[in-house]
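In: This is a predicted model, with the sequence first.
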2 protein chains.
Amino acid sequence: MNMKIGTLASHTGLSIQAIRYYEQQELVPTPGRSSGNYRIYDETSVKHLVFIKHCRNLGLSLEEIKALLRVRTKPDETCSEINHIIDHHVAVVDRRLTELQELRQQLGALRTKCGENQAAKDCGILRELFEITSP
Amino acid sequence: MNMKIGTLASHTGLSIQAIRYYEQQELVPTPGRSSGNYRIYDETSVKHLVFIKHCRNLGLSLEEIKALLRVRTKPDETCSEINHIIDHHVAVVDRRLTELQELRQQLGALRTKCGENQAAKDCGILRELFEITSP
DNA sequence: ATTGACTCTCTAGCGACTATAGGGTTTATG
DNA sequence: CATAAACCCTATAGTCGCTAGAGAGTCAAT
């Protein structure tokens, strides 16, 4: 059942350095060591790190994930903090989505300003970029 | 017509440090200096920096902006590199948009798993986060 | 003469890692 | 049993696009 960091890395899809970084940032407990000072992990570590990875895929920061993990160790507290973290993150994602959609539109408009191989001095994109003054 | 860095900053909406950073990264030419070693700018500098700011608002990296500025100084070359930069950036934005939309959906689904003030041990969000194994 | 506002350079810090250097350990093969 | 390959260790520097701060100099007004 025991494994070293390389095996854990391939089981979780994380890099070895990322795992050590999470340990340093106290997102995972300091693991035991072998006689040769190698980190030793087990199935619990895999689950723990997969949880972290999944949260990272959702765009949560390490601090937010840390908060989620803290709540998990106090199972009798209410989970309003969890809801709060997720709600906050949803708001961040929604804001970012709106920004990116506006951006996409501007880029699309910009792209139509220039054909394939004009001389740069006639390039509509450059002209446009120099003329637009308001963001 | 001449101005110091603070005036340039308020004319462009950039921070003083950002302007100095752009100079260091060679996005703007090294400006002249006053007798007291103050950077001296003019209207051209304003245009130059507004161009950069506009590109940053579009999400272009400083390296990409540098490439655009390089093409601008060679007005007889074709602007295919410009098109290439913009096309590449559109692709990046589109990919990011798709990712964020998926993310948003997953977060929305997750949020329905838990009401307001359950005990953490019964929180559907935590359970969900621990069970989902594929990203 | 002094205050206050402005500017200078240099350095450190953010977040979430990645990459490297320079070593030690374990495992497989000859 | 010797050695080479594969793995692991710590510590440090780098990424990007800035921001914030220290400690010093410059300039305008009172």
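Out: That came in fine, so what should we check first?

In: show me the contacts for the residue in chain A that DNA strand D sits nearest to.
Out: Closest approach between chain A and DNA strand D, counting by Cβ to the nearest atom of the strand: A:Gly6, at 2.5 Å. Backbone N, C-alpha and C define where each C-beta goes, glycine included. By Cβ atoms under 8 Å, 6 or more residues apart in numbering or on different chains, the contact set of A:Gly6 is A:Ile16.

In: same thing but at 10 Å, please
Out: A:Ile16, A:Ile19, A:Tyr38 (Cβ atoms under 10 Å, 6 or more residues apart in numbering or on different chains).

In: tell me what the longest helix along chain A is packed against?
Out: If you go by DSSP state H, chain A has its longest helix at helix A:80-111. If you count contacts as 3 or more Cβ pairs under 10 Å, 6 or more residues apart in numbering or on different chains; DSSP states H and E, helix A:80-111 packs onto helix A:62-72, helix A:124-131, helix B:43-57, helix B:80-111, helix B:124-131.

In: check whether it contacts DNA strand C.
Out: No: applying Cβ under 7 Å from any atom of the strand, one finds helix A:80-111 separated from DNA strand C by no less than 11.1 Å.

In: Which residues belonging to that helix are considered buried?
Out: Neighbour counts over helix A:80-111 (16 or more other Cβ atoms under 10 Å in any protein chain shown) mark A:80-83, A:85-86, A:89-90, A:93, A:96-97, A:100, A:103-104, A:106-107, A:110-111 as buried.

In: quick revisit: the residue of chain A closest to DNA strand D and B:Cys55: what is the separation?
Out: Distance, A:Gly6 to B:Cys55, by Cβ to Cβ, to the nearest Å: 42 Å.

In: Over to A:Thr12?
Out: Taken as Cβ to Cβ, the span from A:Thr12 to B:Cys55 is 38 Å.

In: same question, A:Ile86
Out: Counting by Cβ to Cβ, the gap from A:Ile86 to B:Cys55 is 34 Å.

In: domain parsing for chain A?
Out: As given by automatic domain parsing, the domain ranges for chain A are A:1-62, A:78-135.

In: Comparing these, which yields the minimum mean pLDDT?
Out: If the domains of chain A are sorted by mean pLDDT, domain A:78-135 sits at the bottom with a mean of 78.

In: what about that domain and DNA strand D, touching?
Out: No: using Cβ under 7 Å from any atom of the strand, domain A:78-135 never reaches DNA strand D; the gap is at least 12.6 Å.

In: what's the distance between that domain and the middle of its chain?
Out: Its chain's C-alpha centre and that of domain A:78-135 lie 20 Å apart, by Cα atoms, centre = their mean, to the nearest Å.

In: Would you tell me which residues of chain A are close to DNA strand C?
Out: A:15, A:17-18, A:21, A:34-38, A:56, A:61-63.

In: Select only the buried ones of the residues you listed in ChimeraX?
Out: Burial among the residues of chain A next to DNA strand C is assessed by 16+ other Cβ under 10 Å; the matching ChimeraX selection reads:
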select /A:18,56
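
In: which one of the residues of chain A next to DNA strand C is nearest DNA strand C?
Out: The nearest member of the residues of chain A next to DNA strand C to DNA strand C, counting by Cβ to the nearest atom of the strand, is A:Gly36 at 2.2 Å.

In: Double-check that the closest one belongs to a helix.
Out: No: the assignment for A:Gly36 (DSSP: H, G, I helix; E, B strand; the rest coil) gives coil, which keeps it out of a helix.

In: Please report the distance of it from A:Ile125.
Out: Separation of A:Gly36 from A:Ile125 (Cβ to Cβ) stands at 59 Å.
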